[in-house]
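Visitor: Fold the following.
(4 chains)
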2 protein chains.
Amino acid sequence: MKISEVSEATGLSIDTLRFYEKIGLIDPPPRDAGGRRDYPEEVIGWIGFLDQLNATGMPQADRIRYAELRRQGAATYTERREMLQAHREVIRHKLRKMQDTLALMDRKVEIYETLEEEERSHV
Amino acid sequence: MKISEVSEATGLSIDTLRFYEKIGLIDPPPRDAGGRRDYPEEVIGWIGFLDQLNATGMPQADRIRYAELRRQGAATYTERREMLQAHREVIRHKLRKMQDTLALMDRKVEIYETLEEEERSHV
DNA sequence: GCTTGAGCTGGAGTGCACTCCAGCTCGTAA
DNA sequence: TTACGAGCTGGAGTGCACTCCAGCTCAAGC
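Guide: Numbers count the residues shown, from 1 in each chain, chains lettered A, B, ... in the order given. Just a heads-up that it's a prediction; the model follows:
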């Protein structure tokens, strides 16, 4: 896959793809005859996963660490599992906070509706 | 309340409190005889709310906008309600993505457990 | 064979959200 | 009465995560 196709498929900009490669989040892909990156299809899934880690607040440094462990293969299964378990707890915590805030938004919206009603009534 | 007390109570640093005042997230509190900030107790609740907006990903600019509307009183109820409703949708969306990622973490942890088991067995 | 467009590199620049610092004042305790 | 600690101001600095740029190469179509 050409870099433009990967960009299209993942929603990451071409610059971001090269940046991710530079910092070690994406393996340097093979190059074609003209020296251009030729990504394997699998990179799409990997980027999607990185994106999920990102969207749930895993810091860059941790994602880089995970990518590094992944490159090292079977010897790092345990450490990778532990990272995911730790991140799972972070997500659970955020989830609870989000749910609380969502409930608060609901209450506040109702309060504002009442206040707007009052404003309208004592014109 | 002294700035150190507010810092203590909210978990924001003293620098951040002054920074929030500068950008308009917190109303400039009255000063004591010596020119030091003397915050009303209510600021704690307001900061807690700001914190929730923050933790659920509302950008600074939007929080500033909300704070500004709040200062303008009853005339801005509708706009504030609309902001909170919009943010509620953002939260709902994030919540779904988080739940998906949580489920993925669960699956991946299981996969790693299986792989670790296999590694151990064919010593 | 020349133009066009995609891709390349190394490095500089950006925006957000703080965080730190120098040098000052003020109130309290020894 | 002086030493100390808390707080003050304006402005510079930081870290993260990109984003942009100049100047280059290469392949393909006219």
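Visitor: Could you use CA atoms for every contact and neighbour count after this?
Guide: Will do.
Visitor: just checking, what packs against the strand or helix carrying A:Gln85?
Guide: Applying DSSP states H and E as the criterion places A:Gln85 in helix A:77-121. Packing partners of helix A:77-121 (3 or more Cα pairs under 8 Å, 6 or more residues apart in numbering or on different chains; DSSP states H and E): helix A:60-71, helix B:42-55, helix B:77-121.
Visitor: Please work out the angle formed by the directions of it and helix A:60-71.
Guide: 150 degrees (axes from the mean of the first three to the mean of the last three Cα atoms, to 10 degrees).
Visitor: Indicate whether helix A:77-121 makes contact with DNA strand D.
Guide: No. Helix A:77-121 stays clear of DNA strand D (Cα under 7 Å from any atom of the strand), getting no nearer than 13.9 Å.
Visitor: what mean pLDDT does stretch A:52-64 have?
Guide: Rounded to a whole number, the mean pLDDT of stretch A:52-64 is 96.
Visitor: what is the rounded mean pLDDT of the helix holding A:Gln85?
Guide: In this model, helix A:77-121 carries a mean pLDDT of 96.
Visitor: Could you tell me how far it lies from the centre of the chain?
Guide: 18 Å (Cα atoms, centre = their mean, to the nearest Å).
Visitor: got the angle for that helix vs helix B:42-55?
Guide: Going by the same axes, to 10 degrees, helix A:77-121 makes 120 degrees with helix B:42-55.
Visitor: right, and the helices and strands packed on helix A:77-121 - which one's nearest DNA strand C?
Guide: helix B:42-55 (7.0 Å; Cα to the nearest atom of the strand).
Visitor: What residues sit buried inside the closest one?
Guide: B:Val43, B:Ile44, B:Ile47, B:Leu50, B:Asp51, B:Gln52, B:Leu53 (16 or more other Cα atoms under 10 Å in any protein chain shown).
Visitor: cool, stretch A:108-121 as well?
Guide: Buried residues in stretch A:108-121 (16+ other Cα under 10 Å): A:Lys108, A:Val109, A:Tyr112, A:Glu116.
Visitor: now swap in stretch A:10-27 and tell me
Guide: A:Thr10, A:Leu17, A:Arg18, A:Tyr20, A:Gly24, A:Leu25, A:Ile26.
Visitor: farthest-separated two in those?
Guide: Farthest apart among these by Cα to Cα are A:Thr10 and A:Gly24. That separation is 17.4 Å.
Visitor: could you dump stretch A:15-30 to PDB, C-alpha only?
Guide: What follows is stretch A:15-30, C-alpha atoms only, in PDB (Å, rounded to 0.1, in the frame of the first residue of the first chain):
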ATOM      1  CA  ASP A  15       3.000  13.500   7.900                       C
ATOM      2  CA  THR A  16       1.600  11.700  10.900                       C
ATOM      3  CA  LEU A  17       2.400   8.300   9.400                       C
ATOM      4  CA  ARG A  18       6.000   9.300   8.800                       C
ATOM      5  CA  PHE A  19       6.100  10.800  12.300                       C
ATOM      6  CA  TYR A  20       4.800   7.600  13.800                       C
ATOM      7  CA  GLU A  21       7.500   5.700  12.000                       C
ATOM      8  CA  LYS A  22      10.200   8.000  13.200                       C
ATOM      9  CA  ILE A  23       9.200   7.600  16.800                       C
ATOM     10  CA  GLY A  24       8.800   3.800  16.500                       C
ATOM     11  CA  LEU A  25       5.000   3.400  16.600                       C
ATOM     12  CA  ILE A  26       5.000   1.900  13.100                       C
ATOM     13  CA  ASP A  27       7.600  -0.400  11.600                       C
ATOM     14  CA  PRO A  28       9.600   1.100   8.800                       C
ATOM     15  CA  PRO A  29       7.900  -0.500   5.700                       C
ATOM     16  CA  PRO A  30       9.800  -1.900   2.800                       C
END
